[in-house]
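Trainee: Show me how the following folds:
(chains A and B)
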2 protein chains.
Amino acid sequence: MAAVLAPTLADTRPRSLREIQAPVAADLDVFRTHFRDAMRSRVRLLDAVVQYLLKRKGKQIRPTLVLLSAQVSGGITERSYRAAALVELLHTATLVHDDVIDEADSRRGVASVNVLWKNKVGVLLGDYLLSRGLLLALDDGDYDLLHVMSDAVRRMSEGELLQIETARRFDVTEEKYFRIIADKTGSLIAACMAAGAASAGADDETVARAKQIGETIGLAFQIRDDLFDYDADAAAGKPIGLDLQDRKMTLPLILALDIAPEAEAGRIRKIVRKRTKSRAQTREVVRFVKESGGLAAARGRMEELAAQAAEALGTFPPSEAREALVGLCAYVAARSR
Amino acid sequence: MAAVLAPTLADTRPRSLREIQAPVAADLDVFRTHFRDAMRSRVRLLDAVVQYLLKRKGKQIRPTLVLLSAQVSGGITERSYRAAALVELLHTATLVHDDVIDEADSRRGVASVNVLWKNKVGVLLGDYLLSRGLLLALDDGDYDLLHVMSDAVRRMSEGELLQIETARRFDVTEEKYFRIIADKTGSLIAACMAAGAASAGADDETVARAKQIGETIGLAFQIRDDLFDYDADAAAGKPIGLDLQDRKMTLPLILALDIAPEAEAGRIRKIVRKRTKSRAQTREVVRFVKESGGLAAARGRMEELAAQAAEALGTFPPSEAREALVGLCAYVAARSR
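Mentor: Purely as a prediction, here's the structure:
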């Protein structure tokens, strides 16, 4: 797989998240204090929920991106910690709302907030976290960071809604798919990189460059996610065909339908549109996506994007943090969950 | 009923909402344009939902408050329209999220967004509206308005969560009840009045005074709402005993339990704690709240608060807008829905 990658990425072995986070490990601890402080509340129920959220803390990729981006753009400042806390508050708010949305009964392997405390608490907690994030930024006059983040929230919700809309009409072209994932996933990663650079006091051009790299990483990240739905070997323990059952058309399927002869594509389209599919039908579509070359083509796109982001990072001065960001591009392309 | 009210309010006949809105009728039109513009989107599904929301537009009490408060505090400015749009965006976002929360199948007499488009769209739309409100304020540098509003969102979600927490423990004292409704309902009305005054360029003391009056109006407003649950005559067409079935303790019941002899209060408490209540049991509690004098006592508190707010408005110079705000205090106390 490494051979297809552009030079910068090909020279980089995929690193573990721990290695990627190493250059900012101490800074992540400072961020965590800010994050915890921002969530403190007078309401006992809320504290219980927040404690639970802190315990199941995720990979903290977003704060890591903010801090690494700040580091390569001039150096981490007090504002960088607040930017990292802001983005993690927003991200946690969207996760909690997603729990409500998905009526998911598990997330990150732990029972979801939704199931434990019901929808009502989930929605309110999401709103509470959002407002705490806003106040954190407003109290310190970080208006530029707030603008970057609000715009990302707008794009994220627009992207998700566009995906629902197109899913109903089954007319997801490659172009529309990229627009959806740019809004849905690219926007927040872009905002992390932009906020990091801005918090370091970088000039507008540098902030824009960091943002663009983030958007590209976000695209690669989302395609990787969408590949899992068709690739049992890569997706450790994740069930196959879930998007398909949701009638959600993602890149592997879109490219497979483009590549395949019209008759076969037509037959598969009919299955995809079915509201309920048998296990055999789902397996048939998954096999079609693999055998037609759609899966490989989608993986190729993802690797191109990761390589493109890694290469663009070459415009920043060499440093441990820059190497970590390049390592992150490789990680995104190679990660198994 | 008018006889119990303090002078300022006693002299004021309750007005229709149309009369209250008359001094700012033209300004409300300008606000509506800002509101509509802020909700425009590229996503067709979103536009359809937004069109639907605009059609079932509510009483727009919150923008009215912003504009009237601006008018009495120095005069309506461009910032006032944006403040009004911001608050209506936040309010609409919370309504949409409430639809998800309540799994309500109807709101304002029209089928809810939730039922029509499912939870997912409801949550996303709420997030989208929130972000548009933020961007509206950020784009024009209205950071003070944003701070006022974010703090209101924080208090609203904290208040709702505190209510859920206390509902489980059935230990809602009068003091806790007032803390809950101050956060849940007072905060946003207070924010409307504060944002209006700030948008007019009023000094800090005036902004604080407007805010305090808003908080008091908000308390009266919420008690009025809670009275409906026990007062079939006042609540035109609204079902009785819903809060009770939810095991939600509100002021009429809290005061009734305080007033009643211990034995009777104990018997009623047992019924309230039941997870499911028969129609007869619900009717018994409703009758108890009326006959013990709890309902009248709660109505008395509400009227005191409305009168207090009306009196405090006397510190603003006389004007049509001030009369309208005093009329609003009377409206809040007398409204039938």
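
Trainee: close enough to count as contact, A:Gly122 and A:His97?
Mentor: Yes: if you go by Cβ atoms under 8 Å, A:Gly122 and A:His97 touch, sitting 7.0 Å apart. Where C-beta positions appear, they are placed from N, C-alpha and C, glycine not excepted.

Trainee: From B:Gly327, how far out is A:Arg224?
Mentor: Distance from A:Arg224 to B:Gly327, counting by Cβ to Cβ, to the nearest Å: 60 Å.

Trainee: Check A:Lys55 too.
Mentor: Separation of A:Lys55 from B:Gly327 (Cβ to Cβ) stands at 52 Å.

Trainee: These two: who's more crowded?
Mentor: Just comparing A:Lys55 and B:Gly327: by other Cβ atoms under 10 Å in any protein chain shown the higher neighbour count belongs to B:Gly327, 23 against 8.

Trainee: Quick check: which element contains the nearest residue to that one once chain neighbours are set aside?
Mentor: Residue nearest to B:Gly327 in three dimensions, not counting chain neighbours: B:Arg15, with 3.9 Å by Cβ to Cβ, 6 or more residues apart in numbering or on different chains. According to DSSP states H and E, B:Arg15 maps onto no helix or strand at all.

Trainee: A:Met156 and A:Ser187 touch, don't they?
Mentor: Yes: in this structure A:Met156 lies within contact range of A:Ser187 using Cβ under 8 Å: 5.6 Å.

Trainee: before we move on, back to that, surely the residue nearest to B:Gly327 and B:Tyr331 touch.
Mentor: Yes: counting by Cβ under 8 Å, B:Arg15 touches B:Tyr331, with 5.9 Å between them.

Trainee: who's more crowded, the two?
Mentor: Using other Cβ under 10 Å as the criterion, B:Arg15 and B:Tyr331 rank with B:Tyr331 on top: 21 against 18.

Trainee: ok, the more buried one - contacts?
Mentor: Contacts for B:Tyr331 were tallied using Cβ atoms under 8 Å, 6 or more residues apart in numbering or on different chains; they are B:14-17, B:20.

Trainee: Could you list the residues of the stretch 1-150 of chain A in contact with chain B?
Mentor: By the rule Cβ under 8 Å from any Cβ of the partner chain, the part of the stretch 1-150 of chain A lying against chain B is A:41-46, A:94, A:97, A:100-101, A:103, A:119-121, A:123-128, A:130-132, A:134-135, A:138-139, A:141, A:143, A:146-147, A:150.

Trainee: run the last query once more with 6 Å
Mentor: A:43, A:45-46, A:97, A:100-101, A:120, A:123-124, A:127-128, A:131, A:134-135, A:138, A:147, A:150 (Cβ under 6 Å from any Cβ of the partner chain).

Trainee: what about chain A, any weak spots by pLDDT?
Mentor: A:1-8, A:10-14, A:56-57, A:99-118, A:168, A:232-239, A:336-337 (pLDDT under 70).

Trainee: residues in contact with stretch A:62-77?
Mentor: A:21, A:24, A:27, A:31, A:80, A:83-84, A:87-88, A:91, A:192-193, A:195-197, A:199-202, A:206, A:210, A:316, A:321-322, A:324-325 (Cβ atoms under 6 Å, 6 or more residues apart in numbering or on different chains).

Trainee: Now, of the residues you listed, which are buried?
Mentor: Among the contacts of stretch A:62-77, those classed as buried by 16 or more other Cβ atoms under 10 Å in any protein chain shown are A:21, A:24, A:27, A:31, A:80, A:83-84, A:87-88, A:91, A:192-193, A:195-197, A:199-200, A:202, A:206, A:210, A:316, A:321-322, A:324-325.

Trainee: Tell me which helix or strand comes right after the helix or strand harbouring A:Arg155.
Mentor: A:Arg155 is part of helix A:143-169 when elements are defined by DSSP H and E. Remark: after helix A:143-169, the chain's next helix or strand is helix A:174-181, criterion DSSP H and E.

Trainee: Show residues contacting that following helix.
Mentor: Contacts of helix A:174-181 (Cβ under 6 Å, 6+ apart): A:159, A:162-163, A:166, A:219, A:222, A:251, A:254.

Trainee: What of stretch A:86-95?
Mentor: With contact meaning Cβ under 6 Å, 6+ apart, stretch A:86-95 is reached by A:35, A:62-63, A:66, A:126, A:129-130, A:132-133, A:136-137, A:149, A:192.

Trainee: Make TSV out of these and add secondary structure.
Mentor: Output for the contacts of stretch A:86-95, formatted as TSV (DSSP: H, G, I helix; E, B strand; the rest coil):
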residue	secondary structure
A:Phe35	helix
A:Arg62	helix
A:Pro63	helix
A:Val66	helix
A:Gly126	helix
A:Leu129	helix
A:Leu130	helix
A:Arg132	helix
A:Gly133	helix
A:Leu136	helix
A:Ala137	helix
A:Met149	helix
A:Cys192	helix
